[in-house]
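Q: Requesting a structural model of the entry that follows:
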Amino acid sequence: MKPFKYIYIIFSIVLFASCDDYLEVTPKGEIIPETLEDYELMLNSNAMTNLSDPHFEYFTDDMYMDIGSDVVSSEANAYFWRIDLDDNAEDNSTIWLSSYQSQYYANTIINNVMESSAGSEAEKRAVLGEAMTIRAMNYLNLLTVFSKAYDPNINPDDLGVPLVTSINVTENIPPRASLNACFSLIIEDLKQAIEWLPAVQRSRWRVTKYTAAALLARVYLYIHDYQNAYTYASMALQSSQENKLLDYQSLEEFPITEQNSEKLWIDKTAVGADGDGQYYSAELLALFDEDDLRLSMFTELDDDGNTYRTTNRDNAGIGYPEMYLIQAEYFARQGDIESAMGLVNQIRAKRFPEGSQNITLEASSEVLALQRVLEERRRELSFSGIRWQDMKRLDQEGKMPIVNRRAENNLESSIIGSLEPSSPNYTFEIPLKVRLINPDIELNH
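A: This is a model prediction of the structure:
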């Protein structure tokens, strides 16, 4: 049997003595995938279906956490934008570890599935396309935490993350690639995946060509390429799936994830506030009208009268409303106010009771239209794991105000932490354990 067929699927977490093993994973339990079905089963593993992380919400201005500025934990470090997410080098590296574990699975498929037995060429390429899409998602997540925001016209040579395409954990560590190299790989992977993926899948847990297009639209939005973001959002909306927007007026309760017709692709990660000391921030709540059904559908009061998100919505992944809002932002930035507001109001018509005076938003200028779109994006996509991406790209454009952490969840409470515009704290440092294992890795700060 060829050496590359000896693929390891089960991981245990260890701290290697060698500086070469920076991924912090060592294979255990040798399993040899041979058939296409074996590789498809890998796509169903937790490492390939939980790609987000709760910390992506702790970073944001949407979240209020009932913790003091003296608390030390990965959650508190994220919430107060401390340079290091982890407390010490013995901790598993927050976000980094899970992302690179998932990359190991993805690279295993990418490097070997075309040599698997059974299955047609097209079926193998479809599985390959899924793995490439997941790899792209993981790299996007890593870059939004451990690298600066990216504009190819401003900082193409800034530090990205190590680009790992091998499954040999004993190989030397690749140096951190440039942001340009990282995003070039992401875009290349997704464009190729679109060509190979099917138009439909057996469930929303699996990736289609429209999922890859939607992720590519998200990527282009993040790097300020609004024309391409619009193009691929439009492609994603060509999916044959019906009833893309739920009418909240007709819902007695929110549908379970698998039955949510707004979902293009499901990520199992729970990323929202859940009432256990985690709440909608006062700043976010101030953006909602009182009769907005999104509030009554997803929030309730705790015993102290604080509003928090309930757990009846799994909101990670990619949904159709995000694609409409990408289109709307493109139109607003192009000065097409009518088209931008038309898309925003199309969503709002499904989010308010019939006859509400608050459904229709208007804008008298391009600047106001963009503001309206961005506010609606924040309301509609709250606790979906992507607000941090928006904060970083808008900060790079000079459109993010100071973000304050307050002692209590109201706009008048004392400030106990702040994230200033253009702050270096928009970028977290390479994790402590990774730095210990790899002392030569380039740092951000």
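Q: Would you check that residue 146 makes contact with residue 161?
A: Yes: look at residue 146 against residue 161 with Cβ atoms under 8 Å: they come within range, at 5.8 Å. (Each C-beta comes from the backbone N, C-alpha and C, glycine too.)
Q: Just give me the neighbour total for residue 118.
A: For residue 118, the tally of surrounding residues (other Cβ atoms under 10 Å) stands at 11.
Q: Against residue 41, how distant is it?
A: Distance, residue 118 to residue 41, by Cβ to Cβ, to the nearest Å: 13 Å.
Q: ditto for residue 399
A: For residue 399, the distance to residue 41 - Cβ to Cβ - is 44 Å.
Q: Same question for residue 342.
A: Taking Cβ to Cβ, one finds residue 342 at 44 Å from residue 41.
Q: Residue 417 sits in which helix or strand?
A: strand 415-419 (DSSP states H and E).
Q: Show me what that strand is packed against.
A: Contact here means 3 or more Cβ pairs under 8 Å, 6 or more residues apart in numbering; DSSP states H and E; on that basis strand 415-419 packs against strand 403-406.
Q: centre of the chain versus the strand it packs on, how much separation?
A: In this view, strand 403-406 has its centroid 23 Å away from the chain centroid, taken as Cα atoms, centre = their mean, to the nearest Å.
Q: May I have the residues that are in contact with the closest residue to residue 294 other than its chain neighbours?
A: Nearest residue to residue 294, sequence neighbours excluded (Cβ to Cβ, 6 or more residues apart in numbering): residue 351, at 5.6 Å. Neighbour list for residue 351: 248, 292-294, 380 [criterion: Cβ atoms under 8 Å, 6 or more residues apart in numbering].
Q: Give the helix, strand or coil label for residue 351.
A: Following DSSP: H, G, I helix; E, B strand; the rest coil, the label given to residue 351 is coil.
Q: re the thing from before, what does the strand holding residue 417 rub up against?
A: 68-69, 79-81, 402-407, 425-426.
Q: and with 6 Å instead?
A: 69, 80-81, 402-407, 425 (Cβ atoms under 6 Å, 6 or more residues apart in numbering).
Q: likewise stretch 435-445?
A: 19, 22, 83, 89, 159, 173, 176, 427, 429-430.
Q: Provide a ChimeraX selection command restricted to the buried entries of those residues.
A: Applying 16 or more other Cβ atoms under 10 Å to these, the buried members can be selected in ChimeraX as follows:
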select :22,159,173,176,427,429,430
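Q: Identify the farthest-apart pair in the contacts of stretch 435-445.
A: Greatest spacing in the contacts of stretch 435-445, by Cβ to Cβ: 19 and 427 (23.3 Å).
Q: Could you check the strand holding residue 417 and say which residues are buried?
A: Within strand 415-419, judged by 16+ other Cβ under 10 Å, the buried ones are 417, 419.
Q: likewise stretch 153-169?
A: For stretch 153-169, using 16+ other Cβ under 10 Å, the buried residues are 155, 158-164, 167, 169.
Q: Looking at the residues you listed, which is nearest residue 301?
A: For the buried residues of stretch 153-169, the nearest to residue 301 is residue 161 (40.9 Å; Cβ to Cβ).
Q: Please check the contacts of strand 415-419 and keep the buried ones.
A: With burial judged by 16+ other Cβ under 10 Å, the buried subset of the contacts of strand 415-419 is 80-81, 403-406, 425.
Q: What backbone torsions are found at residue 299?
A: phi -130, psi 160 (degrees, to the nearest 10).
Q: what about the residue nearest to it when sequence neighbours are not counted, neighbour count?
A: Nearest non-adjacent residue to residue 299, counting by Cβ to Cβ, 6+ apart: residue 307, 5.0 Å away. Number of residues near residue 307 (other Cβ under 10 Å) recorded here: 21.
Q: I'd assumed residue 278 was in contact with residue 307.
A: No: with contact defined as Cβ atoms under 6 Å, residue 307 does not count as touching residue 278 (11.2 Å).
Q: Farthest-apart pair in the contacts of strand 415-419, please.
A: Using Cβ to Cβ, the pair of the contacts of strand 415-419 lying farthest apart is 407 and 425, separated by 19.8 Å.
Q: Can you name the next helix or strand after the helix or strand hosting residue 367?
A: Residue 367 belongs to helix 366-380 when elements are defined using DSSP H and E. Where DSSP H and E defines the elements, the next helix or strand beyond helix 366-380 is helix 387-396.
Q: follow-up on the earlier one: if we only consider the buried residues of stretch 153-169, which is nearest to residue 128?
A: For the buried residues of stretch 153-169, the nearest to residue 128 is residue 167 (14.5 Å; Cβ to Cβ).
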